[in-house]
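Student: Take a look and give me a structure for this.
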Amino acid sequence: MAGSRAPELHPESPYEIVERIGAGAMGDVWLGREKSSGRRVVIKVMHGHLGQVLEDRLRLEAQALAKLRHPNIVEIYGWGGTLDRRPFLVLEHLVGKPLDELLRTRRWLPAREAIALVRQLAAALVAVHAVGMVHRDIKPSNAFVCEPGTTLKLLDFGIIKLVEAVTGVVPLQVATKEGSVVGTPRYMSPEQIRGKRDVDGRADVYATGLVLYQLVTGVHPFDAIAAGQLQKMMTAHLEEVPPPPSAVAPEPLPAGLDAIVMRAIAKARDDRFTSTELLGELGLLAAMLPPEGELGEDKTAPLPDVTAPLPDVGRTAAPPRLAPSRAVAAQTAEPTARRVIGEVARDEGDAVDPPPQPTRLGGGFWAATALGFALMIGAYLLGWIG
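Tutor: The predicted structure follows:
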């Protein structure tokens, strides 16, 4: 970025330019320093040829941010103009990287980490919406993860829209007429695509749902649409319902996450959460997550092997497997059956009759009776234990 001439600030400005650290369609981003304290700041300077509307847009961003003091929103320190009359903003200097860069290096985030970050994004939106504003450009590049990676800050209020009068913030003529499209197509809500004038905070919730989807899966719901196919992308937002995140995520997701994401990205805004509701749902989900390291593990016990002896579960053991000899069955099954019935009855509080006295009947009769008892008791215990 060397070779670009640094903007000249007024000699009495409390800030000075250090070096350029970024550039965009609307202007350049410079690293600056506060003269009195040496504190690093970011100075966003608009291009001089963009005209009054975009200059007003930058002024609107400054006024909007001045009304917002929140730990998850980038802080503004001031604004002004260069000697060649270009407006600029002075913002806090953040160390870290935006979510889009994080995704490029890691591809996707574990659900616990993604939920923690998006909860902070939702908290920032609650503050934005509470003062009658809508961000309208929520996307990974506008969500900055500060080092050491636990705090998220919402950036870029350049296309924020006033939805009602806010004391101290002057509404400006920023293109919002019916039919205009403001935002980033990959994260636009259906109502933004239709150019509606009454866009509200649920448009930001839609984009936030897409961000959460992308964080836990590593893909955007409409990644199959090639870059530059704007009409197809807009049609997808209007008509296509993507598969739930769990269908494409690289690891198991916590129960309930699918429902939150799919409601956030509902086509009809009346079917979506408000930002306050979204924050609450994410908080409940976070509180229900299992201890770290257990997320997604299958805690379901395996089905028992019905061919093996039943395990000892604190009651009497199941009858032994019958030997192939009918004589052995006759000798072993009858006393076992009587013992099992007696112990089960005692466990359940029933009276137990004394064992009946044997009568002299033929061996074949006792073999058949014992076999029947054993099968009945085995089936009873399988149903009782299961």
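Student: So what's the residue count around Leu65?
Tutor: 20 (other C-beta atoms under 10 Å). C-betas here are computed from N, CA, C, even on glycine.
Student: Hmm, Val74 and it touching each other?
Tutor: Yes. Counting by C-beta atoms under 8 Å, Val74 is a contact partner of Leu65 at 7.2 Å.
Student: Which residues are in contact with each of these two?
Tutor: Common contacts of Leu65 and Val74, defined by C-beta atoms under 8 Å, 6 or more residues apart in numbering, comprise Leu91.
Student: can you list the domains in this structure?
Tutor: 1-93, 95-164+174-292, 326-385 (automatic domain parsing).
Student: could these go into a markdown table alongside mean pLDDT?
Tutor: Formatted as a markdown table, those follow (pLDDT from 0 to 100):
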| stretch | mean pLDDT |
| --- | --- |
| domain 1-93 | 84 |
| domain 95-164+174-292 | 90 |
| domain 326-385 | 47 |
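Student: deepest of those, which one?
Tutor: Mean neighbour count (mean count of other C-beta atoms under 10 Å) peaks for domain 95-164+174-292 among those, with a mean of 18.
Student: ends of that domain, how far apart?
Tutor: 27 Å (C-alpha to C-alpha, to the nearest Å).
Student: do stretch 212-228 as well
Tutor: End-to-end distance for stretch 212-228: 23 Å, by C-alpha to C-alpha.
Student: what's the answer for stretch 129-136, then?
Tutor: 11 Å.
Student: where exactly do the strands run in the stretch 101-250 of the chain?
Tutor: 133-134, 143-146, 151-154, 161-162 (DSSP state E, counting those that start in this stretch).
Student: a markdown table please, covering those and showing distance to Ala227.
Tutor: Below are the strands of the stretch 101-250 of the chain laid out as a markdown table (distance: least, C-beta to C-beta, whole Å):
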| stretch | distance to Ala227 |
| --- | --- |
| strand 133-134 | 26 |
| strand 143-146 | 21 |
| strand 151-154 | 25 |
| strand 161-162 | 26 |
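Student: quick one: which of these is nearest Leu102?
Tutor: strand 143-146 (5.8 Å; C-beta to C-beta).
Student: In the sheet, which strands lie alongside the closest one, parallel or antiparallel?
Tutor: strand 96-98 (antiparallel), strand 151-154 (antiparallel) (DSSP bridges).
Student: Identify all contacting residues around it.
Tutor: Applying C-beta under 8 Å, 6+ apart, the contact partners of strand 143-146 are 74, 94-99, 102, 117, 121, 151-155, 211.
Student: about what we covered before: closest to His70 out of the strands paired with strand 143-146?
Tutor: Closest to His70 of these, according to C-beta to C-beta: strand 151-154, at 8.4 Å.
Student: Other residues contacting that closest one?
Tutor: 71-74, 94, 99, 117, 120-121, 124-125, 128, 135, 138, 142-146.
Student: Next step: the residues you listed restricted to helices.
Tutor: Using DSSP state H, the subset of the contacts of strand 151-154 located in helices is 99, 117, 120-121, 124-125, 128.
Student: Adding distance to Glu277 as columns, could you present those in CSV?
Tutor: As requested, those are exported to CSV (distance: C-beta to C-beta, whole Å):
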residue, distance to Glu277
Leu99, 22
Leu117, 18
Gln120, 16
Leu121, 14
Ala124, 15
Leu125, 11
Val128, 15
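Student: these two touch, right, Asp271 and Arg263?
Tutor: Yes. The pair Asp271 and Arg263 passes the contact test of C-beta under 8 Å, sitting 6.7 Å apart.
Student: related to what we said a few turns ago, if we take the ones in helices among the contacts of strand 151-154, which one ends up nearest to Glu292?
Tutor: For the ones in helices among the contacts of strand 151-154, the residue nearest Glu292 by C-beta to C-beta is Leu117; the value is 15.6 Å.
Student: In contact with the closest one, which residues?
Tutor: By C-beta under 8 Å, 6+ apart, Leu117 lies in contact with 99, 109, 143, 145, 152, 215.
Student: Which of the strands of the stretch 101-250 of the chain sits closest to Pro245?
Tutor: Of all these, strand 143-146 comes closest under C-beta to C-beta, at 17.8 Å.
Student: Can you tell me how far Gln63 is from Leu89?
Tutor: 11 Å (C-beta to C-beta, to the nearest Å).
Student: quick one, helices of the stretch 201-350 of the chain?
Tutor: Listed in chain order, the helices of the stretch 201-350 of the chain (DSSP state H, counting those that start in this stretch) span 201-217, 230-239, 257-264, 275-288, 326-347.
Student: quick check: angle from the shortest one to helix 201-217?
Tutor: Taking axes from the mean of the first three to the mean of the last three C-alpha atoms, to 10 degrees, helix 257-264 and helix 201-217 form an angle of 150 degrees between their directions.
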